[in-house]
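In: let me see the structure of the following:
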Amino acid sequence: MEEQMSSDCFHEVSFIDKHGQLRCSKVPVVQELARQGLQNLPDNRFLLKPDHQQHHHLPIIVPSQEVHLPVINMANLLDPNHPDLDQDQDQTRAHQEELERLARGVKEWGLFLVVNHGIPSNVLTSLEEVVKGFFNLSFHEKKASVGTYSNNIDNMGYGRNFVKSEDQPLDWIDRLTMRAAPKVVDDTDDDDDDGVLHVWPRQPSNFRQVMEKYVDHARRVCEELLQALAEAVSFERHRFLRNFEPSESVVMNVRVNYYPPCPKPDQVLGLTPHSDASALTLLVQFGSSNQGLQVFKDKQWFTVKPWPTNALLVNVGDLLEIMSNGRKPSPWHRVATHKDKERFSVAVFYNPPPQAELEPIRDQGSVDLINYKKVVVEDYLQHFYKVSPTKEKQAILFARV
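Out: Numbers count the residues shown, from 1 in each chain. This next block holds a predicted model:
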């Protein structure tokens, strides 16, 4: 039986249907559903339909096996040849062992955790406070606090959902997406002194300051990880980073996710299966539940076990898969829901400049087969958002030879 919700709590979405016609639809705000304490779903569009349930031979969302992701100590990944480091034999050995652990983890899962990443605990505490502060606002306060970008290709703003059809199962998620770097300038925006389109929430008042400080740290972490990932496959340490030049044109998007308790966790997903279109994704999570991420491997789903407080999850994206010629594949993953627990997460997507041309990196004289063609970052992202969501990992085929 369907229950009723407040008629004015909807996100508006638009899409082009299969006949090429512009369609508009209203998507219920799941946070408001949870606030009303509904025991049943007021909209059956959240339910997985049979053809989606049968994806990968799973008839329903069933409890999956649990897995501990590899935990990487970033302190051991620093460049041993850096002039500020004076490493002894034991430290050099620890560096090599950490690289090997990193290479195994990426090859097996495409996901890993990092600790000792250098992001101060007070930065993460402030991040949690502003994220929860934003979602503690009423729906109308959030709508009034956040604007949107003129280019909606990657759904910037509050409540921008990836809806492509009326019968698409909806995600049990409320989210806010911002571009943190480089800044987007609109000279016609008279309300903002620095000319930045208003997507950063006005409330909490320190949201942008806290988020930008965290993003600065996330940039450093991504740069250090890309160097270690290159070294782990015997490339020169800066080989991947060269694709991110000039550094001031690197694109960093931030997506803040809220997964409220769901009355039907066995039939509703927080986030449908997907790979990330980024090079790297960093994710930190908060809330009463720190479990929900699931990754697909060996024809079955695995639930990622809870990870250490303040650890970061690192996700290999499609762009790094292309650069590594498939040696670092992006994982197919999703987010499950919980009946009685809520979960918050902040994902930072780290991408090369839009006009950068990416192709597989090979050692001189290598005889390895090339599995991916040269692609322009912007072209790949446009394709990714055009075809998503898909039942299987299909967007990457755009770059396959």
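In: ok, and the closest non-adjacent residue to Lys213?
Out: With Cβ to Cβ, 6 or more residues apart in numbering as the criterion, Lys213 has its nearest non-adjacent residue at 5.9 Å, and that residue is Val123. Quick note: C-beta positions are derived from backbone N, CA and C, even for glycine.
In: could you list the low-pLDDT ranges of the chain?
Out: Residue ranges of the chain with pLDDT under 70: 1-7, 49-63, 81-87, 147-154, 184-198, 364-367.
In: all helices of it, in order?
Out: Per DSSP state H, the chain carries helices over the ranges 30-35, 50-53, 89-109, 121-135, 139-145, 207-232, 318-323, 377-387.
In: tell me which other helices or strands the third one touches.
Out: Applying 3 or more Cβ pairs under 8 Å, 6 or more residues apart in numbering; DSSP states H and E, one finds that helix 89-109 makes contact with strand 71-73, strand 111-115, helix 207-232, strand 293-297.
In: compute the inter-axis angle for the longest one and helix 121-135.
Out: To tie it back to what came earlier, the one meant is helix 207-232. Using axes from the mean of the first three to the mean of the last three Cα atoms, to 10 degrees, the interaxial angle of helix 207-232 with respect to helix 121-135 works out to 130 degrees.
In: about what we covered before: so what's the residue count around the residue nearest to Lys213?
Out: The local packing of Val123 (other Cβ atoms under 10 Å) involves 15 other residues.
In: shift numbering so it begins at 21
Out: All set: I'll call the first residue 21, so the last point we hit is now Val143.
In: touching, it and Val235? I think so.
Out: No: between Val143 and Val235 there is no contact, the gap being 10.4 Å when judged by Cβ atoms under 8 Å.
In: and the residue nearest to Asn371 when sequence neighbours are not counted, what does it touch?
Out: Nearest residue to Asn371 in three dimensions, chain neighbours excluded: Val271, at 4.3 Å (Cβ to Cβ, 6+ apart). Contacts were defined as Cβ atoms under 8 Å, 6 or more residues apart in numbering; by that measure Val271 touches 199, 201-202, 369-374.
In: mind putting these into TSV with distance to Gly40?
Out: Formatted as TSV, the entries for the contacts of Val271 read as follows, by distance: Cβ to Cβ, whole Å:
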residue	distance to Gly40
Arg199	29
Ala201	35
Pro202	34
Phe369	30
Tyr370	35
Asn371	30
Pro372	32
Pro373	32
Pro374	27
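In: need the residues you listed in a markdown table (columns: distance to Leu401 and neighbour count).
Out: What follows is the contacts of Val271, written out as a markdown table (distance: Cβ to Cβ, whole Å; neighbours: other Cβ atoms under 10 Å):
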| residue | distance to Leu401 | neighbour count |
| --- | --- | --- |
| Arg199 | 13 | 20 |
| Ala201 | 15 | 21 |
| Pro202 | 15 | 12 |
| Phe369 | 10 | 26 |
| Tyr370 | 13 | 26 |
| Asn371 | 8 | 27 |
| Pro372 | 10 | 25 |
| Pro373 | 12 | 17 |
| Pro374 | 8 | 14 |
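In: restricted to strands, list the residues you listed.
Out: Counting by DSSP state E, the part of the contacts of Val271 found in strands is 199, 201, 369-371.
In: and the furthest pair within these?
Out: The span of these, defined through Cβ to Cβ, is set by Arg199 and Tyr370 at 12.4 Å.
In: list the residues that contact both of those two?
Out: For the pair Arg199 and Tyr370, residues contacting each of them under the criterion Cβ under 8 Å, 6+ apart are 271-272.
In: thinking again about what came up before, relative to Gln414, which of the helices and strands packed on helix 109-129 is closest?
Out: strand 313-317 (13.7 Å).
In: can you pull out the strands in the stretch 271-420 of the chain?
Out: In the stretch 271-420 of the chain, strands defined by DSSP state E, counting those that start in this stretch lie at 271-279, 289-294, 300-306, 313-317, 320-324, 332-336, 353-356, 363-371, 377-378, 395-396, listed in chain order.
In: can you list the strands that the fourth one pairs with?
Out: The sheet places strand 313-317 alongside strand 320-324 (antiparallel), strand 353-356 (antiparallel), with pairing taken from DSSP bridges.
In: these into a markdown table, with extra columns for distance to Gln85 and mean neighbour count?
Out: Rendered in a markdown table, the data for the strands paired with strand 313-317 read as follows (distance: least, Cβ to Cβ, whole Å; neighbours: other Cβ atoms under 10 Å):
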| stretch | distance to Gln85 | mean neighbour count |
| --- | --- | --- |
| strand 320-324 | 5 | 18 |
| strand 353-356 | 13 | 21 |
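In: any idea which of those strands gets closest to Ile92?
Out: Set against Ile92 and scored by Cβ to Cβ, the strands paired with strand 313-317 come closest in strand 320-324, at 14.7 Å.
In: okay, the angle between the closest one and strand 332-336?
Out: Between strand 320-324 and strand 332-336, the angle formed by their directions is 150 degrees, by the same axes, to 10 degrees.
In: export strand 320-324 as PDB, just CAs?
Out: Output in PDB follows, covering the C-alpha atoms of strand 320-324 (Å, rounded to 0.1, in the frame of the first residue of the first chain):
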ATOM      1  CA  GLN A 320      28.500 -11.600  -7.100                       C
ATOM      2  CA  TRP A 321      28.200  -8.600  -4.800                       C
ATOM      3  CA  PHE A 322      30.400  -8.000  -1.800                       C
ATOM      4  CA  THR A 323      29.500  -5.700   1.000                       C
ATOM      5  CA  VAL A 324      32.500  -3.600   2.200                       C
END
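In: roughly how far is that strand from the heart of the chain?
Out: Strand 320-324 sits 17 Å away from the centroid of its parent chain (Cα atoms, centre = their mean, to the nearest Å).
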